[in-house]
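In: no sequence on this one, just coordinates:
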């Protein structure tokens, strides 16, 4: 036989050996790798996604052939492990012409990853809001929502992929943090900003006293989202900036009405009006002169002043008679 004939024989032997190895894997109960006795059990090998997995089959001197079989492929070491590599692997061993097998289950762990989360949203106060945070990982991660803008101990918390808020209030606006945890790696954390629109609410107004010729400043503060626009009125007349010696200045939540040189005609009742697309609010503020009693922020003080004046008048009448 020529050179071609000598090459054919080894190739046929290799095919026969491969077929023999494939048929060494019986259908039956899985057994433990580690020695030729193979007790009935299955080992687990756990590895993180992207790492390498080494599957070992320890045998004694009686073994003549060893092969790792999975999906009809001979394997020993798996590089860059992925979730598709997870599953059972069979070690086939032939000792004294009697095949023995063991099975190892490869478990692939995957770090938590948030794959879909709600975008930042803007809603009106009183609306219902649903935030979504979908995460993947092996084992399946736990998803937790936390309200970062809430006061300590009062933050909105939910252990679910969906966070539902019925009748949202302005106090529930701010950032919400979604965290996915499965202890394989560091948590995956993402945030969603929730903006809650609400109509203006005027607070902290106070009547102001100023002498003729002095400077007087009236202040009006309004909380609102979107930020409120301000207007000032005296009686029913709207005031314009720069006219009649007054200046109107708006900065964020605060509006000021400044009199640089107070005159008698400037004394009286002024109205601040704060407006946004959801509504408006107004408040009355008084600019008064020396000797006048005007304290809109403290009605008890006004009552005490009246009581003192009445007592003084009564004492004066007693002394007279």
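Out: Received the coordinates, thanks. The model shown is predicted, which means the values in this text are computed figures rather than measured ones. Numbers count the residues shown, from 1 in each chain.
In: low-scoring stretches of the stretch 1-150 of the chain, by residue?
Out: Counting by pLDDT under 70, the stretch 1-150 of the chain contains low-confidence ranges at 1-42, 58-75, 95-97, 150.
In: neighbours around the residue lying closest to residue 83 once chain neighbours are set aside, how many?
Out: If you skip the residues right next to it in sequence, residue 83 has residue 108 as its closest partner in space, 5.2 Å away by C-beta to C-beta, 6 or more residues apart in numbering. The way it works is simple: take the backbone N, C-alpha and C, and place the C-beta from them, glycine included. Burial measure for residue 108: 21 neighbouring residues, criterion other C-beta atoms under 10 Å.
In: ditto for residue 239
Out: Residues lying near residue 239 (other C-beta under 10 Å) number 17.
In: where exactly do the helices run in the stretch 201-321 of the chain?
Out: The residue ranges that make up the helices of the stretch 201-321 of the chain, judged by DSSP state H, counting those that start in this stretch, are 299-320.
In: Point out where it drops to low pLDDT.
Out: In the predicted model, the stretch 201-321 of the chain carries pLDDT under 70 at residues 292-321.
In: now the strands for it?
Out: 208-209, 216-225, 229-234, 237-238, 246-251, 254-259, 268-276, 279-288 (DSSP state E, counting those that start in this stretch).
In: Out of the ones you listed, flag the one nearest residue 54.
Out: Put simply, out of the strands of the stretch 201-321 of the chain the one that sits nearest residue 54 is strand 216-225, at 58.9 Å, with distance taken as C-beta to C-beta.
In: Any buried residues in that closest one, and which?
Out: Neighbour counts using 16 or more other C-beta atoms under 10 Å place 216, 218, 220-225 of strand 216-225 among the buried residues.
In: Put together a markdown table for those, with distance to residue 261 on each row.
Out: Formatted as a markdown table, the entries for those read as follows, by distance: C-beta to C-beta, whole Å:
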| residue | distance to residue 261 |
| --- | --- |
| 216 | 9 |
| 218 | 15 |
| 220 | 21 |
| 221 | 25 |
| 222 | 27 |
| 223 | 32 |
| 224 | 32 |
| 225 | 37 |
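In: From these, pick the one nearest residue 121.
Out: Of all those, the one with the least separation from residue 121 (C-beta to C-beta) is residue 225, at 13.2 Å.
In: quick revisit: which of the strands of the stretch 201-321 of the chain sits most buried?
Out: Mean neighbours per residue, mean count of other C-beta atoms under 10 Å, is largest over the strands of the stretch 201-321 of the chain for strand 216-225, with a mean of 20.
In: Just want the angle from that one to strand 279-288.
Out: Here the directions of strand 216-225 and strand 279-288 differ by 170 degrees (axes from the mean of the first three to the mean of the last three C-alpha atoms, to 10 degrees).
In: OK, contacts around the spatially closest residue to residue 195 that is not a sequence neighbour?
Out: Taking C-beta to C-beta, 6+ apart as the measure, residue 195 lies nearest to residue 122, with 4.2 Å between them; neighbours along the chain are not counted. With contact set as C-beta atoms under 8 Å, 6 or more residues apart in numbering, residue 122 has these partners: 194-197.
In: do the same with residue 233
Out: Taking C-beta under 8 Å, 6+ apart as the definition of contact, the neighbours of residue 233 are 239, 270-271, 273.
In: cutoff 6 Å now
Out: The neighbourhood of residue 233, defined by C-beta atoms under 6 Å, 6 or more residues apart in numbering, consists of residue 271.
In: Same check on residue 278?
Out: Taking C-beta under 6 Å, 6+ apart as the definition, contacts of residue 278 comprise 197, 199.
In: try 7 Å this time
Out: With contacts taken as C-beta atoms under 7 Å, 6 or more residues apart in numbering, residue 278 has the following neighbours: 124, 197-199.
In: The residue nearest to residue 195: which element?
Out: With elements taken from DSSP states H and E, the one containing residue 122 is strand 121-124.
In: helices and strands around the strand ranked longest in the chain, which ones?
Out: Counting residues, the longest strand in the chain under DSSP state E turns out to be strand 98-117. Applying 3 or more C-beta pairs under 7 Å, 6 or more residues apart in numbering; DSSP states H and E, one finds that strand 98-117 makes contact with strand 43-48, strand 87-95, strand 129-138, strand 174-181, strand 188-203.
In: okay, the ones you listed in CSV with distance to residue 115 and mean neighbour count next?
Out: Formatted as CSV, the helices and strands packed on strand 98-117 follow (distance: least, C-beta to C-beta, whole Å; neighbours: other C-beta atoms under 10 Å):
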stretch, distance to residue 115, mean neighbour count
strand 43-48, 18, 14
strand 87-95, 23, 19
strand 129-138, 5, 18
strand 174-181, 9, 20
strand 188-203, 9, 17
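In: Reformat those strands as CSV; add distance to residue 256.
Out: Below are the helices and strands packed on strand 98-117 laid out as CSV (distance: least, C-beta to C-beta, whole Å):
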stretch, distance to residue 256
strand 43-48, 61
strand 87-95, 73
strand 129-138, 36
strand 174-181, 28
strand 188-203, 14
